[in-house]
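>>> Test case, fold it:
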Amino acid sequence: MALKTTCLTPGCQYTTHITKDGLTVNIHFPRSINFTKREATLLECLLHNSIECVLRPYFMKTSKRETLKNVIKGVSYVINR
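Prediction:
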């Protein structure tokens with residue numbers, strides 16, 4: 001379940017599937033969006049980087065819980081500015 005924040009993508013439906021070997025994220029839009037090739041490339045990079053930020057604690061030598069807590073604090077700061 002997502003953190004309680006204002007929805008920035010109304011109507012989108014998010015589905016995640018997480019296992020010990022990987023994860024998938026599917027997002028269904030409430031309407032079609034015709035992305036240009038440039039927009040799609042940028043979107044792919046932004047999604048990749050965002051997911052890396054979330055998964056980073058599981059690949060670092062520091063405490064996963066402590067690192068994840070710091071990431072959440074950073075996201076909360078950005079959201080609440």
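>>> make it CA atoms for all contacts and neighbour counts henceforth
OK.
>>> what ranges do the helices span in the protein?
Secondary structure of the chain (DSSP state H): helices located at 37-55, 64-79.
>>> how about these in TSV, adding mean pLDDT, distance to residue 10 and mean neighbour count?
What follows is these, written out as TSV (pLDDT from 0 to 100; distance: least, CA to CA, whole Å; neighbours: other CA atoms under 10 Å):
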stretch	mean pLDDT	distance to residue 10	mean neighbour count
helix 37-55	92	18	12
helix 64-79	69	16	13
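>>> Which of these sits closest to residue 11?
helix 37-55 (18.6 Å; CA to CA).
>>> Is it possible to get a markdown table of the helices of the chain that adds distance to residue 13?
As requested, the helices of the chain are exported to a markdown table (distance: least, CA to CA, whole Å):
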| stretch | distance to residue 13 |
| --- | --- |
| helix 37-55 | 16 |
| helix 64-79 | 21 |
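>>> Out of the ones you listed, which gets nearest to residue 4?
Closest among those, using CA to CA: helix 64-79, at 10.4 Å.
>>> out of the helices of the chain, nearest to residue 31?
With respect to residue 31, and counting by CA to CA, the nearest of those is helix 37-55 at 16.3 Å.
>>> Which secondary structure elements does that closest one sit against?
With contacts taken as 3 or more CA pairs under 8 Å, 6 or more residues apart in numbering; DSSP states H and E, helix 37-55 sits against helix 64-79.
>>> Look up how far residue 48 lies from residue 73.
Going from residue 73 to residue 48 by CA to CA, to the nearest Å gives 20 Å.
>>> same check, this time on residue 11
Taken as CA to CA, the span from residue 11 to residue 48 is 22 Å.
>>> Go ahead and confirm residue 25 touches residue 15.
Yes. Counting by CA atoms under 8 Å, residue 15 is a contact partner of residue 25 at 5.8 Å.
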